[in-house]
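Undergrad: Pasting a predicted model and its sequence here:
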There are 2 protein chains.
Amino acid sequence: MTDRHQDLAGGFPETDHDHASCVDEALDRAVAICERRQVRLTPLRRRVLQAVWSSHKPVGAYNILTMLTNERGTTAPPTVYRALEFLLENGLIHRIESLNAFVGCTKPGQDHAWQLLICRACGRVAEISDGKLDHAIADAASRAGFILQRRTIELAGLCSACRDSGPAQRDGDGALV
Amino acid sequence: MTDRHQDLAGGFPETDHDHASCVDEALDRAVAICERRQVRLTPLRRRVLQAVWSSHKPVGAYNILTMLTNERGTTAPPTVYRALEFLLENGLIHRIESLNAFVGCTKPGQDHAWQLLICRACGRVAEISDGKLDHAIADAASRAGFILQRRTIELAGLCSACRDSGPAQRDGDGALV
DNA sequence: GTCATGCTGATATAGTATAACATTTTCGTT
DNA sequence: AACGAAAATGTTATACTATATCAGCATGAC
């Protein structure tokens, strides 16, 4: 299956894509995957997944905490972290180590090797799954006699949209767009 | 120049290497690099670099803070973080994003692309600089129309020494050896 | 209905990092 | 040697990120 929203600008979504359906599709896929895996996508977990998917930018645990607190009254950190842990374990989100934040996985349930492209101008993250790159990683590990268990591949720079549009634009929050 | 301590087990140091000279060499290289770059390797910065080099395992900022506090009386976090920032800027150490910790750079002053292998059994970190892998990264970024500014490549697994020696060994601290 | 299990709530605390301002050191210039 | 600008360090306070622990509730198997 090809995700039509993700295929244009080198893995970054089109700037005018229909994000609501983006989120809906992610949630639908999550439902199917959790059913298949016999794990429970509870309302809380579903809500946290939706929060991670609220944009294509990294979302921090405490951002989510704030959303939940606004919606349902005081919520404590473990509530969010446990949901995030569940979503990570089930391959529904990725953690961005260099930002202490999370993004939705665009290929859940496919047990893939992924790499993240993080645009420093607009703040968006693209997930790619480059076979040659992953092969090179496996080779390098193999040459070192290293048994590879987990890859953290985070590439920061400028996405193709921002590359051409000069200095970074910022949105009303002061956050990178 | 080849670093004889680093070349055997796939980038990991020999288990019985002379670590004191390992540290000495790192400090000597740092002195030379800072002189060349016209930046100041003050006693504090030198001491923090030495602390990062105290083993081939990742060292946390607060580990260093404790060492300094023991040696010279109460020391505040910014003291350590500023020194670490200096060392990062000058390519003398690497930050491991997935562990919030630091390791000494084995090729300072050479403006190289590096990748880190992190052994989950013994806790040691090897720095490799695999040209093919870096080329694959550049290619993948290029295909995505992405301008690459910073690479975070952290591979976790088992080093060749631990691969063969069964379950993880732990040292007296409870820390991974 | 009871029980075991898993999930969530709640409190407390640990671990990581930076902002802001004060003081000291360094070094080139006078 | 004294001065002044810039860099480095000291100091205090606080922000941000994450987990341990125990209590209560929901779910599903029997």
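TA: Structure's in. What do you need?

Undergrad: can you map out the strands along chain A?
TA: A:93-96, A:101-104, A:115-119, A:125-128, A:147-158 (DSSP state E).

Undergrad: Tell me the buried residues in the longest helix along chain A?
TA: Of all the segments assigned as helix in chain A under DSSP state H, the longest by residue count is helix A:19-37. Under the neighbour-count criterion of 16 or more other CB atoms under 10 Å in any protein chain shown, helix A:19-37 has A:22, A:23, A:25, A:26, A:27, A:29, A:30, A:33, A:34 buried. Backbone N, C-alpha and C define where each C-beta goes, glycine included.

Undergrad: can you tell me if the worst-scoring helix or strand of chain A on mean pLDDT touches chain B.
TA: Lowest mean confidence among the helices and strands of chain A (mean pLDDT, DSSP states H and E): helix A:160-163, at a mean of 93. Yes. Interface with chain B: helix A:160-163 contributes A:160, A:163 (CB under 8 Å from any CB of the partner chain).

Undergrad: likewise stretch A:125-142?
TA: Yes. Contact of stretch A:125-142 with chain B (CB under 8 Å from any CB) involves A:126, A:128, A:130, A:132, A:133, A:135, A:136, A:137, A:139, A:140, A:141.

Undergrad: now the third one: how far from residue A:29?
TA: Read that as residue A:130. Using CB to CB, to the nearest Å, residue A:130 is found at 22 Å from residue A:29.

Undergrad: How about the residue most central in space within chain A: what's its closest non-neighbour residue?
TA: Nearest to the mean C-alpha position of chain A, by CA atoms, centre = their mean, lies residue A:103 at 2.1 Å. Nearest residue to residue A:103 in three dimensions, chain neighbours excluded: residue A:125, at 4.8 Å (CB to CB, 6 or more residues apart in numbering or on different chains).

Undergrad: And the pLDDT at the one you found?
TA: Model confidence at residue A:125, given as pLDDT, is 98.

Undergrad: now swap in residue A:80 and tell me
TA: At residue A:80, pLDDT is 98.

Undergrad: got a list of what it touches?
TA: A:48, A:61, A:62, A:64, A:65, A:68 (CB atoms under 8 Å, 6 or more residues apart in numbering or on different chains).

Undergrad: Could you pick out which of these are located in helices?
TA: A:48, A:61, A:62, A:64, A:65, A:68.
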